[in-house]
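S.K.: here is my input; please provide its structure:
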Amino acid sequence: NIPPDCDENGEFKNKNVLVQVAEIEDTAKKFNKSSVEIKGTINQCKSKLFYARQDRSHMYLDDTVITSWNSLMVSSLAKAGKILKNETLVQKAEKVMQFLRKTMYTQDGYLIRSFREAPSKVHGFACDYAFTISACLDTYETTANIEWLEWAFELQGKMDEQFWDSKSPGYFMTSESQQ
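M.R.: Numbers count the residues shown, from 1 in each chain. Reported below is the predicted structural model:
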């Protein structure tokens, strides 16, 4: 039931994808059953599908932590926490910031690009610095914790040192050592 133009890799050829196309009440009327009976049948089918899916090989889980992406998340959490007056979101933002500072920041002041089971050996790109600086500022604005403002200044200095193009003002995406 999948149109060929929606199945470029042919994964669903000669297979059906179950879709509920009608309201339960309409289906009940069509088959002269009660809505409760139809819901029960749907639940039985879902249960069978769930157990059948357990036999499939599971998709790979990419649990890599990428500094820039996590920094974007922190900014969102900090801003949402402030706007919604939700301390849980603010605490989550600070927890991630502490992880970034402790795990994704070297003793000599470099951000690490990614983490999977351990920090990678690749130093951060300009976007990692830019988004982490932004996350620091957003977290500082939300918590008034001076630690995040101070770290933003440290990171900005390191970003300028590594990525600033003095010949035509702007930033490079990678530092000379990464090229």
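
S.K.: contacting residues around the closest residue to residue 171 other than its chain neighbours?
M.R.: Excluding its sequence neighbours, the residue lying closest to residue 171 (C-beta to C-beta, 6 or more residues apart in numbering) is residue 163, at 4.5 Å. In short, each C-beta sits where N, CA and C put it, glycine included. Contacts of residue 163 were listed using C-beta atoms under 8 Å, 6 or more residues apart in numbering, and they are 126, 129, 171, 172, 173, 174, 175.

S.K.: wait, the fifth one sits on residue 129?
M.R.: Okay, so that is residue 173. No. Using C-beta atoms under 8 Å, residue 173 is not in contact with residue 129, being 10.6 Å away.

S.K.: for those two, indicate the residue with more neighbours.
M.R.: A direct count of neighbours by other C-beta atoms under 10 Å for residue 173 and residue 129 places residue 129 higher, at 25 against 9.

S.K.: tell me which residues of whichever helix or strand residue 155 is part of are tucked away?
M.R.: Counting by DSSP states H and E, the element that carries residue 155 is helix 146-163. Buried residues in helix 146-163, counted by 16 or more other C-beta atoms under 10 Å: 148, 151, 152, 155, 158, 159, 162, 163.
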